[in-house]
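Chemist: pasting the sequence and the predicted coordinates here, then a few questions.
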Amino acid sequence: MRTTSAFRTVGFYTALVLLCLFAAFPALWMVITAFKQNTDLYDPNNNPFLFNLPPTLSNIEFLFTQTNFPIFLWNSLFIGVVVVVITLVLAVPAAYSLARLMGHWGEHSSIAIFLVYLIPPTLLFIPLYEIVTALGVANTVWSLILVYPTITVPFCTWLLLSFFRSIPREVEEAALTDGCSRVGVFFRVALPLAVRGITTCIVFAFALSLSDYIYAAVFVSSTASRTVSAGVPTELIRGDIYYWQALMAATAIVGIPLAVIYGLLFDWLVRGFQVELPRSPRA
Amino acid sequence: MRNDKTLAAAGKRKAPGPRARIGIADRDGIVGTIMLAPAVLYVVALVAVPFFLAIALSVSDATVGDPAIHHFVGLANFISVVRESAFLFALRNSIIVTLATLVLLTVLTIVLVELLARPFPGKRLAEILIILPWAMPAALAAVGWLWLLDSEFSPIDWILRTVGLLGPGSVLGPANNLYYLGREWLGLGVIVVINVWRTLPLSAVIVLAGRTAIPNELFEQAALDGAGYFRVLFRITLPALGILLTVAILFTVLVIFGDMTVVALTTRGGPGYTTEVLPYWAYLKGIQGGALSQGAAIALFLFPVLLAASVLVLRIAYRREGA
């Protein structure tokens, strides 16, 4: 019996370490690269995981002073925040409306919403490019702010719809009986109970808008309006010349702090998905 | 099943509380429509309209220089893209990459969820490490992999050389490097690995939500009955996860099927067209090559797969309903 349990513990930690290594190895390599000097980096005989020459901050200095990385960073942050706000403004009332106010078909619409989310950007980016050009917002951050909710709104509505549906009706009925209006019930009863779902939506909308490459690469060609996703590769890969240390530094600077934040919210994110999935409401 | 209208009416009848308001704020239908309208209008304008515009474009001769849809050319664009040698590669690779990602992702998600379902010291750190790939913008993560798999300075090659698996006279030799992105199948393998790497965190989060919702009594009962680990996994855990696992995997894999980021920044479809995928080819043709209509036609080849997946989701949902 004891050998089985020891065997299991070893197996558990082996699998855990391997998976963590798989997830984090590229980040480790990025961090090491970011602090390396050129002569150390470009010598195939050096142990790539060690600092054969003293580590340097010059790559990060280069990234912040000689490139437009600070502008990209600011654009990404600005777009991310505005997209989160637009997403919540559109998705939260829509989800509540479908879950509670639109009758039978509203409650059953989760599958339809889910399918909207599955229409890939690749199918939409060419016509959207025309729309964005026609509206005169091409080449500005507003073109991206306009289109990112196409990804985030269906997803967040879908998630929040299940969330609102899982709130017991009796809670809201009690408030209605007490003379609260429907709008009042939405703000004072339903919203506070959906905080978990809304948190997940915020993280999700931000992550999706930060991560997009296709729209960012197609709609924006001026450096001043580029995001991190499209700007860093175009600026730091010049033809055949790759500024590897700066590229890796940029990725690590964006990715690692976000990973810490998302990691600390991990349980919240998981619980944000603890809702009914597309299927009929309980009878 | 309660009727919403009677419920709402009952609510209104009882409503005259301290401040009786019979404004529009009390009529569910009107309030509901007002709350729903902005989202619906937005989705119609920026998803539905572009979707039909994509179809219209694909049967026109629009280009970047002249983007107006003037001439109807029938299926000419579809016929001309199908005739190109790149098409078969792109279609084949899109299917292979998606299916391989599906299999690998399912297995790793189950393993990871089984690990994260129990408490252990340092779990916070493990969660931060696990979610790292998802926190990096996909394009930058792909560039990170590009450097990780560099044809000359890849640290993986260095490890292989150090343990004697790579280099002159070794198993993987005689070259000193594996040139991951310069070979057809190795390149496709790399694309699959990167896709699994960056989608694993999300699918694990979704499936973990289902895993932690399984009542503990089920596991305790199984333990009392003396069921072994794998018996519990296959008899209790997986069936209970069924629908969530399907949704999570479908969800992530279809995003991959429609995405070009990894290919665009690593192999760029090369060598030749051997690692080309449909989304990236649509981009190359439609935007870089300026043939908007042909790009739209290529992108529309994604649609049948999308439709099949939709039917799958619906069927799962209905089967669940019947049960």
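Modeler: It's in.
Chemist: hey, where'd the strands end up in the stretch 51-200 of chain A?
Modeler: Counting by DSSP state E, counting those that start in this stretch, one finds no strands in the stretch 51-200 of chain A.
Chemist: right, and A:A190 touches A:A95 too?
Modeler: No. Judged on CB atoms under 8 Å, A:A190 makes no contact with A:A95 at a distance of 9.7 Å. To be clear about C-beta, it is placed using only N, CA and C from the backbone, and glycine gets the same treatment.
Chemist: can you pick out the residue with more neighbours from those two?
Modeler: A:A95 (33 against 21; other CB atoms under 10 Å in any protein chain shown).
Chemist: contact partners for the closest residue in space to that one that isn't next to it in sequence?
Modeler: Nearest residue to A:A95 in three dimensions, chain neighbours excluded: A:L160, at 3.5 Å (CB to CB, 6 or more residues apart in numbering or on different chains). Residues counted as contacts of A:L160 (CB atoms under 8 Å, 6 or more residues apart in numbering or on different chains) are A:A91, A:V92, A:A95, A:Y96, A:A99, A:A194, A:G197, A:I198, A:C201.
Chemist: hmm, who's touching the host helix or strand of the last one?
Modeler: Assigned by DSSP states H and E, A:C201 falls within helix A:195-211. Applying CB under 8 Å, 6+ apart, the external contacts of helix A:195-211 come out as A:76, A:79-81, A:83-84, A:87-88, A:91-92, A:144, A:148, A:151-152, A:155-156, A:159-160, A:163, A:191, A:227-229, A:254, A:258, A:262, A:265, A:268-269, A:271-273, A:275, B:134-139.
Chemist: which of the residues in it are buried?
Modeler: Across helix A:195-211, burial judged by 16 or more other CB atoms under 10 Å in any protein chain shown covers A:196-198, A:200-211.
Chemist: so the helix or strand following it, near chain B or not?
Modeler: Under the assignment DSSP H and E, the closest C-terminal helix or strand after helix A:195-211 is helix A:214-219. Yes. Helix A:214-219 reaches chain B (CB under 8 Å from any CB of the partner chain) through A:I214, A:A216, A:A217, A:V218.
Chemist: distance from helix A:214-219 to the middle of the chain?
Modeler: Here helix A:214-219 is found 17 Å from its chain centre; the criterion is CA atoms, centre = their mean, to the nearest Å.
Chemist: tell me the helix or strand right after it.
Modeler: For helix A:214-219, the following helix or strand on the C-terminal side (DSSP H and E) is helix A:228-236.
Chemist: could you give the mean pLDDT of the very next helix or strand once past that next one?
Modeler: The helix or strand immediately downstream of helix A:228-236 is strand A:237-238, counting by DSSP H and E. Taken as a whole, strand A:237-238 has a mean pLDDT of 86.
Chemist: which residues touch strand A:237-238?
Modeler: Applying CB under 8 Å, 6+ apart, the contact partners of strand A:237-238 are A:Y243, A:L247, B:V143.
Chemist: then stretch B:170-183?
Modeler: Contacts of stretch B:170-183 (CB under 8 Å, 6+ apart): A:44, B:146, B:149, B:151-152, B:154, B:156-157, B:160-161, B:164-168, B:186-187, B:190, B:266-267, B:270-271.
Chemist: quick one: buried ones out of those residues?
Modeler: So, by 16+ other CB under 10 Å, the buried ones in the contacts of stretch B:170-183 are B:146, B:149, B:154, B:156-157, B:160-161, B:166-167, B:186-187, B:190, B:266-267.
Chemist: looking at chain B, which helix is longest?
Modeler: helix B:85-116 (DSSP state H).
Chemist: pull out the buried residues from the helix or strand that comes right after that helix.
Modeler: Note on helix B:85-116: by DSSP H and E, the next helix or strand toward the C-terminus is helix B:123-135. For helix B:123-135, the neighbour count (16+ other CB under 10 Å) marks B:K123, B:A126, B:E127, B:I128, B:L129, B:I130, B:I131, B:L132, B:P133, B:W134, B:A135 as buried.
Chemist: OK, contacts around residue 141?
Modeler: By default, I'm working from chain A. Taking CB under 8 Å, 6+ apart, one finds A:N75, A:F78, A:I79, A:V220, A:S225, A:T227 in contact with A:V141.
Chemist: wrong chain, I was asking about chain B
Modeler: Residues in contact with B:A141 (CB under 8 Å, 6+ apart) are A:P26, A:T251, A:G255, B:P133, B:I194, B:R198.
Chemist: just flag the most distant two among the residues you listed.
Modeler: Taking CB to CB, the two most distant members of these are A:G255 and B:I194; they sit 14.5 Å apart.
Chemist: of the two, give the one with the bigger neighbour count.
Modeler: For A:G255 versus B:I194, neighbours defined as other CB under 10 Å are more numerous around B:I194 (27 against 23).
Chemist: what's downstream of the helix or strand containing that one, the next helix or strand?
Modeler: Applying DSSP H and E as the criterion places B:I194 in helix B:184-212. Downstream of helix B:184-212, the next assigned helix or strand under DSSP H and E is helix B:216-224.
Chemist: which strands and helices sit next to that following helix?
Modeler: Helix B:216-224 sits against helix B:229-232, with contacts defined as 3 or more CB pairs under 8 Å, 6 or more residues apart in numbering or on different chains; DSSP states H and E.
Chemist: can you give me how far the helix it packs on is from the chain middle?
Modeler: With CA atoms, centre = their mean, you get 29 Å for helix B:229-232.
Chemist: residues making contact with it?
Modeler: A:R8, B:F219, B:A222, B:A223.
Chemist: also stretch B:89-107?
Modeler: Contacts of stretch B:89-107 (CB under 8 Å, 6+ apart): B:188, B:191-193, B:195-196, B:199-200, B:203, B:245, B:249, B:252-253, B:256-257, B:269, B:272-281, B:298, B:301-302, B:305.
Chemist: let's go with 7 Å and repeat that
Modeler: Stretch B:89-107 is contacted from outside by B:188, B:191-192, B:195-196, B:199-200, B:203, B:249, B:252-253, B:256-257, B:273-278, B:281, B:301, using CB atoms under 7 Å, 6 or more residues apart in numbering or on different chains.
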